[in-house]
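In: got a predicted structure plus its sequence, pasted below:
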Amino acid sequence: MAKDTSLRAVGWAQSFPVSHGVRAGRRWTRGHLVSLAWTESAPETVDAILLSVSELITNAHVHAHSDAQLVLTWDSHCLHVSVHDSDPLLPAEQPEDLTTTGGRGLAIVDALADGWTTHPQASGKTVVACFVPPGAPKPRHGGDVS
């Protein structure tokens, strides 16, 4: 019998306005994560995803002054968390400054995700982070999720 190599994917999308998007984005994400079979066995991964969603939506609101379009895509290997904003400027690495209360969002995502990347687009940019559940192979290309 031939091995089934077809890709099975599922995804969800929602826009979160600057006025009240971070908490709503976390709640919306948690609701959709319940449908993934590995969420009960990997609560640490769920926590990492929720914190990353918070950071990415906050970045869209604070730095881009934009609503955040959040897309979750599960492709049976990786949960891709994509956040689009309307600012065309790509995120820049911030120098470490322990006296400030902000500027660590992408460093947090970098520490939690199995890989992340940024895609410039005509209408802004999209930051995509990949989360692989325990036991699944890690992404190829050094964590690049492009």
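Out: Sure thing, it's come through. Residues are numbered from 1 along each chain as shown.
In: count the residues that sit near residue 123.
Out: Residues lying near residue 123 (other CB atoms under 10 Å) number 11. For every residue, glycine as well, the C-beta is placed using N, CA and C.
In: the longest helix in the chain is where?
Out: helix 43-62 (DSSP state H).
In: tell me the helices and strands packed up against it.
Out: With contacts taken as 3 or more CB pairs under 8 Å, 6 or more residues apart in numbering; DSSP states H and E, helix 43-62 sits against helix 21-33, strand 68-74, strand 79-85, helix 105-112, strand 124-131.
In: could you export those as CSV, including mean neighbour count, distance to residue 15 and mean pLDDT?
Out: Listed next are the helices and strands packed on helix 43-62 as CSV, based on neighbours: other CB atoms under 10 Å; distance: least, CB to CB, whole Å; pLDDT from 0 to 100:
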stretch, mean neighbour count, distance to residue 15, mean pLDDT
helix 21-33, 17, 8, 94
strand 68-74, 20, 5, 96
strand 79-85, 23, 9, 97
helix 105-112, 17, 19, 92
strand 124-131, 22, 13, 97
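In: parallel or antiparallel, which strands does the strand or helix carrying residue 118 pair with?
Out: Using DSSP states H and E, residue 118 maps to strand 115-121. For strand 115-121, the paired strands and their directions (DSSP bridges) read strand 124-131 (antiparallel).
In: and the strand it pairs with, how far from the chain's centre?
Out: For strand 124-131, the gap between its own C-alpha mean and the chain's C-alpha mean amounts to 6 Å (CA atoms, centre = their mean, to the nearest Å).
In: how far off helix 43-62 does it point, in degrees?
Out: 170 degrees (axes from the mean of the first three to the mean of the last three CA atoms, to 10 degrees).
In: list the contacts of strand 124-131.
Out: Strand 124-131 has contacts (CB atoms under 8 Å, 6 or more residues apart in numbering) with 45, 48-49, 52, 56, 59, 64, 66, 78-91, 106, 109, 112-119, 139, 143, 145-146.
In: give the residue spans of the protein that score low on pLDDT.
Out: Counting by pLDDT under 70, the chain shows low-confidence ranges at 1-8, 93-103, 138-146.
In: tell me, what residue is most central in it?
Out: residue 81 (3.0 Å; CA atoms, centre = their mean).
In: good, we can wrap up now.
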